[in-house]
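Student: 3D, please:
(one chain, ligands or ions: 1)
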Amino acid sequence: MKNNKKRVLSGIRATGSLHLGNYLGAVKGMLELQNDDDYETLYMVADVHTLTTPYDVEELRRYRREVVIDYVAAGLDPDKSVLFLQADVPEHTELAFYFSSVVSMARMQHLPTFKDKVKQHPEHATMALLNYPVLMAADILVYQAGFVPVGIDQEPHLEIAREIARKMNAQYGTDFPEPQRFATKGEYVPSLTGEGKMSKSVTGSYINLTDDLETIKKRLAGVPTDAGKGSEVPSEGGVASLLQLVSLFQGDEARQQYEQAYTSEGLRYQDLKESLAQAIYEELQPIQEKRAELAADSEKLDEIIATGAEKAQAIARETVTEVKERMGLL
Ligand code: AMP
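Tutor: Sure thing, here's the model as predicted:
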């Protein structure tokens, strides 16, 4: 088995169109690695993972293709990266089952990400949800990938992937790498509500890559603020979220100026929100133009998806065959 530590795998669930958290926390890192010749990059739409929380069948059918459109619009290039749908490569779910034989139930049940999701959807505490990190380990290791550009919220899952790699190597003599997270400056994008992270499942928390200037302004207008003046700049809540976005879209210097205003003459949130909305929109506009092009060309999209599946499966099949041999299944 080839231990190629320079291989990269990442994915985003097909739960809707991408938001700024996905873009800054994951896609920016995916782009950076794609454009570095030292890495071979595989990027999937995690459509199978979408089944771990309640979903609508017709929406999933649509979103799994839309995320590919978002990927390409954001700069992922099917000539440089393998872009594919997870469900098109059944080796992921096959390997996940083999991996599940080296992980204890207790380890999975104690993961904070599992507990959070059960709290959010108590009626949906399924085996699929419990198995999410095992499937994620299979997604990565089926390609022997050593680098995973994802947000910091995924770190506990990567730890599971490393544990599985170690156990498989020790028990069956495989040569899986221990995958590391590739972090971006936007590894944690806070919610516009001022509480927790930006997330598709929390209304009022996000800005979509498809939002126009007016929508961005409206969403920023809803961020809770304060009097704009005080001895200490808040480190949490809506004000902290705004300043973090300023940092990410306008740079640390702009943030420092606002912070200085806060502790002296006072900060005018209306001005901050106006210029932040402009800065975000300027970055999103070219993505939106490219998005419209591919959305109008379903043949090209089909071709990208089919080619990606073929390339990904060729690698995945090799790993699964070797694992089956080593586990006594061949
Ligand atoms: P998900 O939508 O949960 O499949 O997440 C897809 C990717 O986006 C993962 O790499 C996450 O870590 C990343 N991500 C999601 N929300 C955020 C956020 N608020 N800040 C940074 N990264 C995020």
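Student: So which residues of the stretch 201-330 of the chain form helices?
Tutor: All helices of the stretch 201-330 of the chain, identified by DSSP state H, counting those that start in this stretch, fall at 213-221, 238-250, 252-263, 269-295, 298-327.
Student: Equivalent analysis for the stretch 51-200 of the chain, please.
Tutor: Chain-ordered helices for the stretch 51-200 of the chain, with DSSP H, counting those that start in this stretch as the definition, fall at 57-74, 91-100, 105-109, 112-120, 127-130, 132-141, 155-172.
Student: Nearest to Ile207, out of those?
Tutor: The closest approach between Ile207 and any of those, judged by Cβ to Cβ, belongs to helix 57-74 at 13.7 Å. (Glycine included, C-beta is placed from N, CA and C.)
Student: the inter-axis angle of that closest one versus helix 298-327?
Tutor: If you take axes from the mean of the first three to the mean of the last three Cα atoms, to 10 degrees, helix 57-74 sits at 100 degrees to helix 298-327.
Student: Helix 57-74 packs against which elements?
Tutor: Of the remaining helices and strands, those touching helix 57-74 by 3 or more Cβ pairs under 8 Å, 6 or more residues apart in numbering; DSSP states H and E are strand 40-46, strand 81-85, helix 269-295, helix 298-327.
Student: Repeat the analysis, applying 10 Å as the threshold.
Tutor: Packed against helix 57-74 by the contact rule (3 or more Cβ pairs under 10 Å, 6 or more residues apart in numbering; DSSP states H and E) you find strand 7-13, helix 20-22, helix 28-34, strand 40-46, strand 81-85, helix 269-295, helix 298-327.
Student: could these go into TSV alongside mean neighbour count?
Tutor: Putting those into TSV (neighbours: other Cβ atoms under 10 Å) gives the following:
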stretch	mean neighbour count
strand 7-13	24
helix 20-22	25
helix 28-34	21
strand 40-46	25
strand 81-85	24
helix 269-295	16
helix 298-327	17
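Student: what's the least confident stretch among the helices of the stretch 51-200 of the chain?
Tutor: Ranked by mean pLDDT, the helices of the stretch 51-200 of the chain bottom out at helix 112-120, with a mean of 91.
Student: how long is stretch 104-113 end to end?
Tutor: Distance between the boundary residues of stretch 104-113 (Cα to Cα, to the nearest Å) amounts to 16 Å.
Student: so which residue of the stretch 101-250 of the chain comes closest to the ligand?
Tutor: Proximity of the stretch 101-250 of the chain to the ligand (Cβ to the nearest ligand atom) peaks at Gly151, 2.4 Å away.
Student: Give me whichever of the helices of the stretch 51-200 of the chain is most buried.
Tutor: Ranked by average neighbour count under the criterion mean count of other Cβ atoms under 10 Å, these are headed by helix 132-141 at a mean of 27.
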